[in-house]
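Asker: any chance you can model this:
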Amino acid sequence: MNKKVLLCLFLLAAQVPARADENAFLTPPYLKRAGNDFLELVTMPARWDKKDWLIAGGIFGASFAAFAVDDDIRTHYRKHRSGLLKSVSSVTTHFGDYKYELPIIAGTWAVGLATKNKTLGKIAADGAEASIFAAGMVTPLLTYATGRRLPRDNENAMKFKPFTPGRFGYPSGHTTEAFAMATVIDQNLRKSCGYWPTPFLYAIAVGTAHSRIYDGAHYLSDVVLGAGIGWAVGYWIANKPRNVETAVSVIPISGGAALSFRY
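Answerer: Below is the predicted model:
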């Protein structure tokens with residue numbers, strides 16, 4: 001057999017196979033993806049550009065500005081109770097509770113798997129990762145680093161005791177979780193559904209934030225920062241390029257063959 005033909009056959013056999021789906025929840029490629037994202041998260045501030053710093057500054061700035069009205073809002077809700085707000089709060093607060101988020105993620109993944117809907121599968125994959133990073137890592141680290149009491153503990157709102165156990169006020173974990181999930185769902189549905197789900201999703205997230213204030217579980221500044229963290233992490237995870245394949249092609253040339261790499 002002609003040597004050129006043998007060379008082409010060998011090169012075709014050695015072509016790099018398509019990369020496994022990184023959005024396939026709980027598969028090895030997904031776990032590898034999550035590991036790489038974690039490493040990127042840890043070093044992310046060192047690679048922020050001017051726009052990123054402005055966004056971070058805006059989130060923290062809004063939270064710091066809310067310090068001025070934290071006590072006033074707490075006092076207002078203690079004096080003005082409403083049966084309607086209590087009922088709404090009892091429902092919306094659970095959107096930021098991991099006991100309810102886990103079934104949502106698992107259910108979305110199961111339906112996506114059964115119907116072979118890649119969008120639902122990606123929502124589950126992104127949602128799990130954003131929840132762990134935002135509400136399971138970033139927010140708990142900040143609450144421990146700031147050491148603020150919850151409003152129901154009747155301590156001065158501006159008293160912070162950094163790195164003191166048992167002080168879980170700033171920022172709000174439920175709000176972080178709610179905005180992370182709302183953002184992941186919203187961003188993944190944009191191509192197929194447009195913007196119509198956006199107000200509904202963020203209304204639920206805002207309802208979660210409001211419930212934390214109404215129930216005396218957090219101050220306004222807590223939920224503002226939590227919302228910002230959840231949104232930022234959810235947006236980052238949902239919009240990261242996934243399944244970027246490296247394709248290898250064999251191109252016949254004069255005197256033999258050449259390899260073409262596409263990333």
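Asker: Three-state assignment for Ile24, please.
Answerer: Careful, residue 24 is Ala; it's not Ile. In three-state terms, and counting by DSSP: H, G, I helix; E, B strand; the rest coil, Ala24 is coil.
Asker: is it true that it touches Ala124?
Answerer: No: applying C-beta atoms under 8 Å, one finds Ala24 not in contact with Ala124, separated by 9.9 Å. (C-beta placed from N, C-alpha, C; glycine too.)
Asker: what about those two, which has more around it?
Answerer: Neighbour tally, Ala24 and Ala124, criterion other C-beta atoms under 10 Å: the higher count belongs to Ala124, 26 against 20.
Asker: wait, what's in contact with Phe168?
Answerer: 143, 150 (C-beta atoms under 8 Å, 6 or more residues apart in numbering).
Asker: how far away is it from Tyr144?
Answerer: Per C-beta to C-beta, to the nearest Å, Phe168 is found 8 Å from Tyr144.
Asker: do the same with Tyr214
Answerer: Applying C-beta to C-beta to Tyr214 and Tyr144 gives a distance of 25 Å.
Asker: quick one, which of the two is more surrounded?
Answerer: Neighbour count, other C-beta under 10 Å: between Tyr214 and Tyr144, Tyr214 has more, with 22 against 15.
Asker: tell me where the stretch 101-250 of the chain has helices.
Answerer: In the stretch 101-250 of the chain, the helices defined using DSSP state H, counting those that start in this stretch lie at 118-130, 139-146, 173-193, 197-214, 220-238.
Asker: turn those into JSON lines, including distance to Tyr30.
Answerer: Below are the helices of the stretch 101-250 of the chain laid out as JSON lines (distance: least, C-beta to C-beta, whole Å):
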{"stretch": "helix 118-130", "distance to Tyr30": "6"}
{"stretch": "helix 139-146", "distance to Tyr30": "23"}
{"stretch": "helix 173-193", "distance to Tyr30": "15"}
{"stretch": "helix 197-214", "distance to Tyr30": "24"}
{"stretch": "helix 220-238", "distance to Tyr30": "12"}
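Asker: Asp153 is nearest to which of these?
Answerer: Of all these, helix 220-238 sits nearest to Asp153, with 12.8 Å by C-beta to C-beta.
Asker: tilt between that closest one and helix 118-130?
Answerer: 130 degrees (axes from the mean of the first three to the mean of the last three C-alpha atoms, to 10 degrees).
Asker: go ahead and confirm Val111 touches Leu120.
Answerer: Yes: between Val111 and Leu120 there is a contact at 5.6 Å, judged by C-beta under 8 Å.
Asker: more neighbours: the two, which one.
Answerer: Taking neighbours as other C-beta under 10 Å, Val111 and Leu120 compare with Leu120 leading, 21 against 14.
Asker: quick check, the more buried one in contact with Ala106.
Answerer: No: between Leu120 and Ala106 there is no contact under C-beta under 8 Å: 11.7 Å.
Asker: now do the same for Phe25: its pLDDT.
Answerer: For Phe25, the model assigns a pLDDT of 87.
Asker: residues near Pro171, how many?
Answerer: Neighbours of Pro171 using other C-beta under 10 Å come to 29.
Asker: just Leu141 next, same as before
Answerer: 10.
Asker: identify the residues contacting it.
Answerer: By C-beta under 8 Å, 6+ apart, Leu141 lies in contact with nothing.
Asker: separation between it and Ala56?
Answerer: Note on Leu141: its distance to Ala56, by C-beta to C-beta, is 15 Å.
Asker: repeat that for Gly234.
Answerer: 15 Å.
Asker: neighbour-wise, which of the two wins?
Answerer: Under the criterion of other C-beta under 10 Å, the comparison of Gly234 against Ala56 puts Gly234 first, with 30 against 15.
Asker: tell me where the model's unsure across this structure.
Answerer: Applying pLDDT under 70 to the chain picks out residues 1-19, 245-263.
Asker: how near is Gly173 to Val138?
Answerer: With C-beta to C-beta as the criterion, Gly173 and Val138 are 10 Å apart.
Asker: of those two, who's got more company?
Answerer: For Gly173 versus Val138, neighbours defined as other C-beta under 10 Å are more numerous around Gly173 (26 against 21).
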